[in-house]
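[1] With the input below, show me the fold.
(one chain, ligands or ions: 1)
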Amino acid sequence: MIRLTEISKTFQTKKGAVKALNQVSLHVKKGEIFGVVGYSGAGKSTLIRCVNLLERPTEGTVVVGDEELTALSPQRLREARKRIGMIFQGFHLLKTATVRDNIAIPLRLAGHSKQEVERRVDTYLDIVGLTERKDAYPAQLSGGQKQRVAIARALSHEPEVLLSDEATSALDPDTTESILQLLLKINEELGITILLITHEMAVIQKVCDRMAVMEDGEIVEQGDVLTIFTEAQHPTTKKFINSLFPQDLPPALMAELKDSGPIVTLSFVGAQSGDPALATVAKRFDVYPNILSGNITQLKQQPYGRLMVHLKGKPEETQRAIRFLEEQQIRVKGVEYHDRRDQRIS
Ligand SMILES: Nc1ncnc2c1ncn2[C@@H]1O[C@H](COP(=O)(O)OP(=O)(O)OP(=O)(O)O)[C@@H](O)[C@H]1O
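    Okay, here's the model as predicted:
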């Protein structure tokens with residue numbers, strides 16, 4: 001649905017050239033929610049703005065649907081952009097217009113008839129749950145409600161693709177959750193393909209099918225969310241995932257525990273749970289498992305859990321216990337630690 005091929009973007013500034021994107025290739029399939037995560041300055045905004053050519057890449061091609069946007073005339077590009085909606089962190093609403101007019105004015109400017117404008121305003125305000133606030137002005141709305149108006153406005157042009165540029169970054173956790181649920185509903189019920197960028201791994205975890213990690217203008221890793229969660233390769237990806245599973249144990253305690261057996265992380269997916277398997281380990285082997293930290297989190301498709309466990313016992317017994325856990329389809333990894341700051345899972 002969206003295919004970026006080897007796009008680069010260089011900004012010329014007074015201080016010289018800034019390469020914001022370097023040979024980035026990305027394919028977002030029809031009907032999926034694809035998330036791009038990265039720290040500030042990684043190039044995420046530039047990347048998403050290249051999809052509808054708000055920024056024109058210096059090199060490379062952008063295809064949306066079956067059209068190569070980078071090859072279109074200005075007139076055809078204007079037409080093609082109607083099929084790409086966009087929402088922003090800052091909402092971008094007209095302050096002096098009501099909720100209704102924020103949606104209706106762009107529709108009128110696009111040449112739709114009065115009845116069609118009415119129909120679309122009603123339909124999309126209903127979808128975002130704001131029918132009751134039709135006559136309110138943006139200043140009378142909460143942040144979450146403003147974002148809902150912006151979403152209704154984007155949807156009212158009946159796009160095939162929705163681009164979300166940090167749409168939940170200015171919102172509190174509960175409001176973020178409700179906007180993410182709305183994005184899921186839009187994706188499922190209207191079949192709209194969504195590409196979102198965020199600096200929060202929790203956003204990716206909750207709604208995305210596939211994801212990419214950006215750093216210094218490049219994609220350093222991409223794949224389906226579950227595979228990235230279980231098999232992250234790049235250090236930056238690991239950092240993002242570890243942010244969801246804090247494991248800040250004092251190094252002195254880690255060192256002490258290691259003397260009496262390995263510290264491992266157990267990852268499990270779906271209905272599996274680490275707990276019954278650990279109870280079996282305690283019964284079947286001469287090993288005492290002690291859960292040091294843990295968290296189960298809901299990915300879009302299924303739950304995913306990670307426990308950090310100390311397996312107290314003799315090496316032969318702990319090795320047998322680890323083999324048993326692996327036979328239960330639980331991924332077992334040793335924990336590497338150096339000092340408090342870069343204590344990381346290997
Ligand atoms: N219009 C511009 N002119 C010059 N440099 C720019 C411009 N836009 C972005 N950059 C630079 O390109 C790099 C990538 O910026 P970009 O905003 O795409 O990153 P980001 O990952 O979205 O970060 P943030 O979340 O902080 O916006 C940065 O070094 C930034 O300073």
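
[2] Glu59: neighbouring residues, count only.
    Around Glu59 there are 14 other residues, counting by other Cβ atoms under 10 Å. Every residue, glycine included, has its C-beta placed from N, CA and C.

[3] ok, and the closest non-adjacent residue to it?
    With Cβ to Cβ, 6 or more residues apart in numbering as the criterion, Glu59 has its nearest non-adjacent residue at 4.4 Å, and that residue is Ser8.

[4] Give the pairing partners of the strand or helix carrying Thr10; include direction for each.
    Element membership for Thr10 (DSSP states H and E) is strand 2-13. Looking at strand 2-13 with DSSP bridges, its partner strands are strand 16-28 (antiparallel), strand 59-64 (antiparallel).

[5] What residues sit buried inside the last one?
    Buried positions in strand 59-64, judged by neighbour count with 16 or more other Cβ atoms under 10 Å: 60, 62-64.

[6] for stretch 135-152, same thing?
    So for stretch 135-152, counting by 16+ other Cβ under 10 Å, buried means 137-138, 141, 144-152.

[7] pLDDT averaged over that stretch, what's the number?
    Per-residue pLDDT over stretch 135-152 has a mean of 96.

[8] ditto for stretch 43-51
    Rounded to a whole number, the mean pLDDT of stretch 43-51 is 97.

[9] And the contacts of it?
    2, 4, 7, 9, 20-21, 24, 26, 36-38, 55-57, 62, 64, 84, 161, 163-166, 195, 197-199, 214, 216-218 (Cβ atoms under 8 Å, 6 or more residues apart in numbering).

[10] How about stretch 95-106?
    Under the criterion Cβ under 8 Å, 6+ apart, residues 93-94, 117, 120-121, 124-125, 130, 133-139, 141, 149, 152-153, 156-157 lie in contact with stretch 95-106.

[11] Hmm, Tyr288 is touching Gly313, no?
    Yes: at 6.5 Å, Tyr288 counts as touching Gly313 under the criterion of Cβ atoms under 8 Å.

[12] more neighbours, these two?
    Here Tyr288 and Gly313 are compared on neighbour count by other Cβ under 10 Å; more neighbours surround Gly313, at 21 against 17.

[13] so the residue nearest the centre of the chain, which of the three states?
    The structure's the chain has its C-alpha centroid closest to Ile204; by Cα atoms, centre = their mean the separation is 2.3 Å. When the structure is split into helix, strand and coil by DSSP: H, G, I helix; E, B strand; the rest coil, Ile204 lands in helix.

[14] neighbours around the nearest residue to it once chain neighbours are set aside, how many?
    Spatial nearest neighbour of Ile204, chain neighbours left out: Gly35 (4.0 Å); criterion: Cβ to Cβ, 6+ apart. Other residues near Gly35 number 27, with proximity taken as other Cβ under 10 Å.

[15] Next: Lys185.
    13.

[16] and if you look at the one 4 residues further on?
    The local packing count at Glu189 equals 9, with neighbours defined by other Cβ under 10 Å.

[17] what's it sitting at in phi/psi?
    Summarising the backbone geometry of Glu189 under the convention degrees, to the nearest 10, its torsions are phi -80, psi -30.

[18] cool, Thr96 as well?
    Dihedral angles of Thr96 (phi, psi; degrees, to the nearest 10) stand at phi -90, psi 10.

[19] From Leu195, how far off is it?
    Computed with Cβ to Cβ, to the nearest Å, the distance linking Thr96 and Leu195 is 31 Å.

[20] Which residues does stretch 57-70 contact?
    Counting contacts by Cβ under 8 Å, 6+ apart, the residues outside stretch 57-70 that touch it are 1-10, 21, 23-24, 50-53, 56, 71, 76-77, 80, 83-84, 160-161.

[21] are any of these buried, and which?
    If you count burial by 16+ other Cβ under 10 Å, the buried members of the contacts of stretch 57-70 come out as 1-5, 7-9, 21, 24, 50-53, 77, 80, 84, 160-161.

[22] Also within reach of the ligand: list those from those.
    Subset of the buried ones among the contacts of stretch 57-70 in contact with the ligand: empty, counting by Cβ under 6 Å from any ligand atom.

[23] From the contacts of stretch 95-106, which land in strands?
    Secondary structure from DSSP state E places none of those in strands.

[24] what about the helices in the stretch 101-250 of the chain?
    The residue ranges that make up the helices of the stretch 101-250 of the chain, judged by DSSP state H, counting those that start in this stretch, are 114-127, 143-155, 173-190, 201-207, 225-231, 235-242.
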